[in-house]
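Enquirer: Okay, predicted coordinates and the sequence, questions at the end:
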Amino acid sequence: MDSEQFRIYGKQMIDYMVHYLNTIEERRVFPDVQPGYMKELIPDAAPNEGEPWPSILSDVERVIMPGLVHWQHPKFHAYFPAGNSFPSIMGDMLSSAIGCVGFSWASSPACTELETICMDWFGKMLGLSSDFLTFSSTTGGGGCIQGSASECILTAFLSARMKCLKKLREEDPCQEDGFFLTKMVAYCSKQAHSAMEKAASIVCVLLRQLPTDDNFSLRGQTLRNAIERDLEEGMIPIFVGATLGTTASCSFDNILELAAVCRKHDVWIHVDAAYAGSALICPEYRYIAEGLDLVDSVNVNVNKWLLINFDCSAFFVRNSQNVTDTFNADPIYLRHKNAGSCIDYRHWGIPLSRRFRALKLWFVFRSYGISGLQSYIRNHCKLAKKFKSHVIMDKRLELMGSVTLGLVCFRVKGLNKLSEKLLGSINESGKLHMIPSSLNGKYMIRFCVCAENSTVEDIENSWDIIKEYVNKIIRPAEFNENEIAEPCPTGEVVHVKKLAIKKIGPIPVDADMVDIDEGVPFCSISELMIGRFKGRQRNLRSKSLQLW
């Protein structure tokens with residue numbers, strides 16, 4: 001393809017992308033394909049001769065589109081938002097055209113310098129302490145772009161380990177690193193993302209997953225108790241992974257309390273604010289991050305909730321030397337004469353090669369402005385509260401956790417299998433896409449506002465679909481809110497707080513176990529049939545009983 005062909009076909013591709021995004025609502029949000037579907041649609045080997053571009057483009061619709069989950073669809077409510085906007089797309093286009101590999105300042109000065117400036121812009125937008133801003137930090141802090149939150153967490157974890165190892169080597173120079181590693185321990189909440197567990201596995205450090213309070217928040221006293229127990233046993237606490245906006249329910253660890261404990265014990269604290277962090281550009285949401293100025297590092301996925309395409313995760317650190325000491329490898333072929341007077345981001349993480357991702361930040365920040373991005377986030381939060389109001393009004397459903405930002409978690413009252421059936425039916429229909437999670441053993445459904453231009457009408461349409469499928473499981477006329485069944489931790493026994501039986505047929509022999517009245521131990525259907533209840537006699541007023 002020569003430049004003139006690219007000019008023609010490039011415009012055709014842009015037209016195709018615009019048409020795709022403008023008509024995306026007409027597509028099924030979730031694909032109706034089975035694993036291996038594509039193998040039947042394309043040859044089993046690459047062509048020997050090049051094919052004409054129109055043929056290639058036509059195969060996008062035939063081969064690719066049937067197997068896509070359409071993340072930009074207004075009825076996509078799974079996971080968290082996948083950032084996207086036309087300015088960001090153009091940033092990626094220009095980055096691809098430039099084709100630089102910005103591992104150092106010398107490899108492409110503009111690539112490095114724009115990243116430094118845009119990261120400072122973003123840090124100011126979030127209200128971060130000046131310690132995290134390259135041009136104003138007195139602690140050697142600053143920010144850079146990483147590929148994902150997982151990469152940021154691993155970078156912080158490795159840096160924390162190296163910082164601790166350097167200290168231990170000075171204190172006991174005759175001891176081998178392997179000895180110290182066997183005693184190192186890290187902490188996070190049970191609600192933390194699996195990236196914490198994966199990072200601990202890579203770093204070879206024991207990870208303790210600590211319980212949360214009633215609001216699913218990790219508190220300072222819980223962490224203090226865990227650290228003190230480990231210190232008494234000769235362990236070496238090195239890292240705490242806190243979360244702002246957990247994946248399960250968008251809950252928030254108490255950063256202020258955790259940071260105080262970490263400072264007392266000289267433990268690195270990193271905050272994973274992958275989703276919720278973007279909300280800090282709105283001053284009214286900064287209360288969720290009280291104490292953030294006391295942490296050692298923080299990550300925010302701008303490719304989630306700031307209209308910037310993946311991959312682009314912002315990583316801020318209070319003292320960048322702790323990071324560069326961990327990742328500094330300086331072969332002669334990468335050295336340059338300005339090394340001491342500028343930033344080389346190859347020392348700030350695992351990868352050497354780096355794309356020109358700062359262009360996306362620059363284009364989006366300038367196109368929308370801070371006020372435009374604030375309006376976008378506030379709209380999503382408003383729409384989430386609109387959806388929440390529908391859930392509250394339907395007595396068959398219950399909210400799980402609080403609704404602070406753009407995520408609403410809910411479930412069908414009763415057995416877990418009711419919510420599982422609801423979600424499965426909705427996703428299989430292709431009309432709407434959501435994913436499950438679990439809190440305290442209860443299966444729940446996550447509804448996240450994701451599409452950039454979501455409207456009240458979109459939320460109403462999504463709610464209508466959900467209500468349609470709820471009606472197929474529990475008809476409103478038959479539902480009695482005093483008849484609520486809840487699952488026990490094993491999922492095999494039903495704990496019915498209030499009488500939850502109906503005179504609608506004979507008792508099945510293999511029925512689940514039920515508990516007739518609140519606070520009384522479990523009994524089986526067979527026990528009910530013979531009138532026994534944990535050693536006490538019960539009179540059955542009906543021979544026709546069945547679990548709701």
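Expert: Alright, I've got the coordinates. Numbers count the residues shown, from 1 in each chain.

Enquirer: which SS state does Val408 fall under?
Expert: What DSSP: H, G, I helix; E, B strand; the rest coil gives for Val408 is strand.

Enquirer: try Val240
Expert: Classification of Val240 using three-state DSSP returns strand.

Enquirer: Quick check: it touching Ala186?
Expert: Yes. Using C-beta atoms under 8 Å, Val240 is in contact with Ala186, at 6.9 Å. Placement of C-beta: from N, CA and C, glycine included.

Enquirer: Look at the two and report which has more neighbours.
Expert: When Val240 and Ala186 are compared for neighbours, Val240 comes out ahead with 30 against 24, by other C-beta atoms under 10 Å.

Enquirer: gap between that one and Ser429?
Expert: 42 Å (C-beta to C-beta, to the nearest Å).

Enquirer: Then Ala97?
Expert: According to C-beta to C-beta, Ala97 stands 41 Å off from Ser429.

Enquirer: Comparing those two, which residue is more hemmed in?
Expert: Taking other C-beta under 10 Å, Ala97 and Ser429 do not tie; Ser429 has more neighbours (16 against 10).

Enquirer: Please give me every residue in contact with the more buried one.
Expert: 465, 469 (C-beta atoms under 8 Å, 6 or more residues apart in numbering).

Enquirer: mind checking pLDDT for it?
Expert: For Ser429, the model assigns a pLDDT of 93.

Enquirer: Quick check: phi and psi on it?
Expert: Ser429 has phi and psi values of phi -70, psi -20 when expressed as degrees, to the nearest 10.

Enquirer: now it: how far from Cys381?
Expert: Taking C-beta to C-beta as the measure, Ser429 falls 28 Å from Cys381.

Enquirer: For the stretch 401-548 of the chain, which segments count as helices?
Expert: Here the stretch 401-548 of the chain has its helices, by DSSP state H, counting those that start in this stretch, at 416-429, 456-473, 525-529.

Enquirer: Cys144: which of those is closest?
Expert: Closest of the helices of the stretch 401-548 of the chain to Cys144 is helix 456-473, at 35.6 Å (criterion: C-beta to C-beta).

Enquirer: partners of Asn299 in the sheet?
Expert: As for beta bridges, Asn299 partners with Asp272, Phe315 under DSSP bridges.

Enquirer: average pLDDT across stretch 173-180?
Expert: For stretch 173-180, mean pLDDT rounds to 90.

Enquirer: quick one: low-confidence parts of this protein?
Expert: Applying pLDDT under 70 to the chain flags residues 476-548.

Enquirer: by how many degrees do the lengthiest helix in it and helix 456-473 diverge?
Expert: Across the chain, the longest stretch assigned as helix under DSSP state H is helix 358-393. Angle of helix 358-393 versus helix 456-473, following axes from the mean of the first three to the mean of the last three C-alpha atoms, to 10 degrees, is 50 degrees.

Enquirer: Counting by contacts, list what helix 358-393 packs against.
Expert: Applying 3 or more C-beta pairs under 8 Å, 6 or more residues apart in numbering; DSSP states H and E, one finds that helix 358-393 contacts helix 86-98, helix 109-126, helix 302-305, strand 397-399, strand 407-412, strand 442-448, helix 456-473.

Enquirer: buried set for it?
Expert: Buried positions in helix 358-393, judged by neighbour count with 16 or more other C-beta atoms under 10 Å: 358-365, 367-368, 373-374, 376-377, 379-381, 383-384, 387-388, 390-391.

Enquirer: ok so, going back, most packed of the helices of the stretch 401-548 of the chain?
Expert: helix 416-429 (a mean of 18; mean count of other C-beta atoms under 10 Å).

Enquirer: Taking strand 442-448 as reference, get the angle to that helix.
Expert: With the same axes, to 10 degrees applied, the angle from helix 416-429 to strand 442-448 works out at 30 degrees.

Enquirer: After the host helix or strand of Ala186, which helix or strand is next?
Expert: Assessed by DSSP states H and E, Ala186 sits inside strand 184-189. Following strand 184-189 in sequence order, the next helix or strand is helix 194-203 (DSSP H and E).

Enquirer: Contacts for that next one next, please.
Expert: So helix 194-203 is contacted by 149-150, 153-154, 157-158, 161, 186, 188, 206-207, 209, 241, 272 (C-beta under 8 Å, 6+ apart).

Enquirer: Buried subset of the residues you listed as a ChimeraX selection?
Expert: Of the contacts of helix 194-203, the buried ones go into a single ChimeraX selection, burial set by 16+ other C-beta under 10 Å:
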select :149,150,153,154,157,158,161,186,188,207,209,241,272
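
Enquirer: with the contacts of helix 194-203 in mind, which one is nearest to Asp330?
Expert: Leu158 (17.6 Å).

Enquirer: Just list the residues touching the closest one, thanks.
Expert: With contact set as C-beta under 8 Å, 6+ apart, Leu158 has these partners: 203, 326-327.

Enquirer: May I ask which of the residues you listed has the most neighbours?
Expert: In terms of neighbours by other C-beta under 10 Å, the contacts of Leu158 top out with Thr326 at 22 neighbours.

Enquirer: Okay, the closest residue to that residue other than its chain neighbours and Phe30: tell me how far apart.
Expert: Residue nearest to Thr326 in three dimensions, not counting chain neighbours: Met162, with 4.2 Å by C-beta to C-beta, 6 or more residues apart in numbering. Going from Met162 to Phe30 by C-beta to C-beta gives 43 Å.

Enquirer: how about the residue nearest to Thr326, what does it touch?
Expert: Taking C-beta under 8 Å, 6+ apart, we find Met162 in contact with 322, 325-326.

Enquirer: Out of the residues you listed, list just those in helices.
Expert: 322, 325-326.

Enquirer: tell me which of those is nearest to Ile89?
Expert: The closest of the ones in helices among the contacts of Met162 to Ile89 turns out to be Thr326 (C-beta to C-beta; 34.0 Å).

Enquirer: There's contact between the closest one and Ala156 in this structure, I believe.
Expert: No. The criterion here is C-beta under 8 Å, and Thr326 misses it with Ala156 at 9.8 Å.

Enquirer: CSV please, covering the helices and strands packed on helix 358-393 and showing distance to Ala226.
Expert: Output for those, formatted as CSV (distance: least, C-beta to C-beta, whole Å):
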stretch, distance to Ala226
helix 86-98, 41
helix 109-126, 29
helix 302-305, 30
strand 397-399, 30
strand 407-412, 27
strand 442-448, 25
helix 456-473, 40
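
Enquirer: Quick check: which of those is nearest to Lys167?
Expert: Between Lys167 and the helices and strands packed on helix 358-393, the tightest spacing by C-beta to C-beta is seen for helix 109-126, at 27.9 Å.

Enquirer: Which neighbouring elements make contact with the helix or strand following the closest one?
Expert: Tracing the chain C-terminally past helix 109-126 and defining elements by DSSP H and E, one meets strand 142-146 next. If you count contacts as 3+ C-beta pairs under 8 Å, 6+ apart, strand 142-146 packs onto helix 109-126, strand 313-317.

Enquirer: Many thanks, I have nothing further to ask.
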